[in-house]
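# Give the three-dimensional model of this entry:
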Amino acid sequence: MPFNSPLFLFLFLPLVLGCYWLLRANGRIWFLLGVSLLYFAASNVFTSFSEIGKTGSSFLLLLLYYIVANYLFGLSAEKYRDSFWGKVVVWLSIAMNLLPLICYRYPGVAAMAAQGIIPSSTGVNIADYFKFSYLPLGLSFLTFQAIAYVLDVYRDEIDAQKNPLLLSLFLVLFPKITAGPIIRYSEVAEDLADPKVSADKFAMGARRFVIGLGKKVLLADTLALTANQIFSVPAAELSPSAAWLGLITYSLQLYLDFSGYSDMAIGLGRMFGFTFQENFNYPYISRSLTEFWRRWHISLSTWLRDYMFIPLSYALMSDSVRQKIAQGRYPTNYRSLFSIVMVFTACGLWHGVGWNFIVWGMLHGVVLALESLWLSRVIKKWWVPLQHVYLLLIVMLPWVFFRASSFSEAVDYLRTLAGFPATTVFHYDLRMYIDSTELLVLIAGVVASTPIVRNISDHLRKTEHHAIGAFCEIAGMVFVLMLSFCSIASSTFTPFLYQKF
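Sure, this is the predicted structure:
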């Protein structure tokens, strides 16, 4: 039941908000936890554990597993944080949290590992126990949040939550579970204990929700039609101009779809009295890949930094380098550069199994390492528009590996983009895909990827024309909402692009 579905917009959300606002603080916590569990049960995205040995257990048992396990891990990490057993608890929690994700996302790998444990003489075919139709809703983000919670407790950055009800709500709160943002416990601890709702928060949340809905329904879904049509054609039959249009529309679709979801999740959080962190900050206006990852999927990039890159870099450092850092000196550390490549390769594998995702992650890791080493100093000397061109190319070209169905298909597509297609006979040209509507949406998508509208709105608020600015903003929100509703009513429902991750 994604947020742009009619069932969610016209039935689920109004009923839940109405009941939530009528309840008192304690009742709201119980109600929201029940609603979050109901949201999972009502969503047709998840699979059930009945596929594992046909036990008939539902996906809700998986949620119960995460809740109970991490409640106990959190208490144990706090109790033994200064001893050897604290490290044991941390590593065990990481393994236990990753186990369901590995089983669902990489069933072949999990089956091979299990077959190595269970002797073949038993006659049990382990592969039959790892056949799943879908990845459970929000499993990746649930896993990341659980690991971060236990690690933060172990590092003494937060206290373990003694109330299992509040920890359960933190893990399964429905607005942010489908595709993030990845929430740290410290960010919502106060809101969990006492979610405060107000008319101002609700208005801010509703505004943010409408913006996200418009990004998704009006822009991302329209651009997806063109991107899907072009990427479904063999690259050798595309003209270079048509191939570039496909890449541009897909790049915009991916950003608008995912940032649109984040906007809607942040808006829903505000309506229910929770403040979630920003997840996107106009990444396509960056001047380097390093800056891009500070603006793109911020909750994921900071998670990778805090829980993978920093620990891995520290583990690989020599004692002399650690001493220099303790003295305030930061020498070039090639082991840290290696850590960057390893972390982003793992990031690629998280997005999917296959050479496409490995190459995508490695490309980002290598470029980030080069920027950290010397390239960023060179880029800063360039003309500013040239810096933006560099960033767009270094981000968009790897998106081909992200979008193509195979490695060879991605290579063929890149050849066409470079003007060296496998044939000179083009059956699909730019004129077949571009029209006035597509051009208008394309321009709107580019504008929505920049802070132009936000800056104009902020400027009007600070001048004597603030009343005019407020009126235009309200009118714009109503217009976007009505258009979104009309689009939803007249088109086939499409889920969020990033939801599968």
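
# any idea how far Ser36 is from Asp194?
18 Å (C-beta to C-beta, to the nearest Å). Bear in mind the C-beta positions are built from the backbone N, C-alpha and C, glycine included.

# typo on my end, it should be Tyr314
36 Å.

# Looking at Asp194 and Ser36, which is more packed in?
Higher neighbour count among Asp194 and Ser36: Ser36, with 20 against 11, using other C-beta atoms under 10 Å.

# And the more buried one, how close does it get to Trp303?
Taken as C-beta to C-beta, the span from Ser36 to Trp303 is 21 Å.

# got it, and Trp360?
As judged by C-beta to C-beta, Trp360 and Trp303 stand 18 Å apart.

# the more surrounded of the two?
Between Trp360 and Trp303, counting by other C-beta under 10 Å, Trp360 is the more crowded of the two (25 against 22).

# Provide the contact partners of whichever strand or helix holds the more buried one at residue level.
Assessed by DSSP states H and E, Trp360 sits inside helix 355-370. Helix 355-370 is contacted from outside by 289-290, 293, 337-338, 340-349, 351, 375, 394, 398-399, 401-402, 404, 406-407, 410, using C-beta atoms under 8 Å, 6 or more residues apart in numbering.

# Buried residues in stretch 341-361, which are they?
By 16 or more other C-beta atoms under 10 Å, the buried positions in stretch 341-361 come out as 341-345, 347-351, 354, 356-361.

# got a list of what the closest residue to Asn70 other than its chain neighbours touches?
The shortest distance from Asn70 to any non-neighbouring residue, by C-beta to C-beta, 6 or more residues apart in numbering, is to Ala146 (4.6 Å). With contact set as C-beta under 8 Å, 6+ apart, Ala146 has these partners: 66, 69-70, 93, 97, 171.

# just those now: which is nearest Ser140?
Nearest to Ser140 out of the contacts of Ala146 is Asn97 (C-beta to C-beta; 10.9 Å).

# In this structure, what helix or strand scores lowest on average pLDDT?
helix 107-117 (a mean of 55; mean pLDDT, DSSP states H and E).

# Beyond that one, next helix or strand please.
Tracing the chain past helix 107-117, the next element assigned as helix or strand by DSSP H and E is helix 139-154.

# Tell me the buried residues in that following helix?
Neighbour counts over helix 139-154 (16+ other C-beta under 10 Å) mark 139-154 as buried.

# Can I get that helix in PDB? Just the C-alpha atoms.
Extracted in PDB, the C-alpha atoms of helix 139-154 (Å, rounded to 0.1, in the frame of the first residue of the first chain):
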ATOM      1  CA  LEU A 139      13.500  -5.100   5.200                       C
ATOM      2  CA  SER A 140      16.700  -3.300   4.200                       C
ATOM      3  CA  PHE A 141      15.900  -0.100   6.000                       C
ATOM      4  CA  LEU A 142      14.600  -2.000   9.000                       C
ATOM      5  CA  THR A 143      17.900  -3.900   9.100                       C
ATOM      6  CA  PHE A 144      20.000  -0.700   8.900                       C
ATOM      7  CA  GLN A 145      18.000   1.000  11.700                       C
ATOM      8  CA  ALA A 146      18.400  -2.000  14.000                       C
ATOM      9  CA  ILE A 147      22.100  -2.300  13.400                       C
ATOM     10  CA  ALA A 148      22.600   1.400  14.000                       C
ATOM     11  CA  TYR A 149      20.500   1.200  17.200                       C
ATOM     12  CA  VAL A 150      22.600  -1.500  18.800                       C
ATOM     13  CA  LEU A 151      25.900   0.100  17.700                       C
ATOM     14  CA  ASP A 152      24.900   3.400  19.100                       C
ATOM     15  CA  VAL A 153      24.000   1.800  22.500                       C
ATOM     16  CA  TYR A 154      27.400   0.000  22.500                       C
END
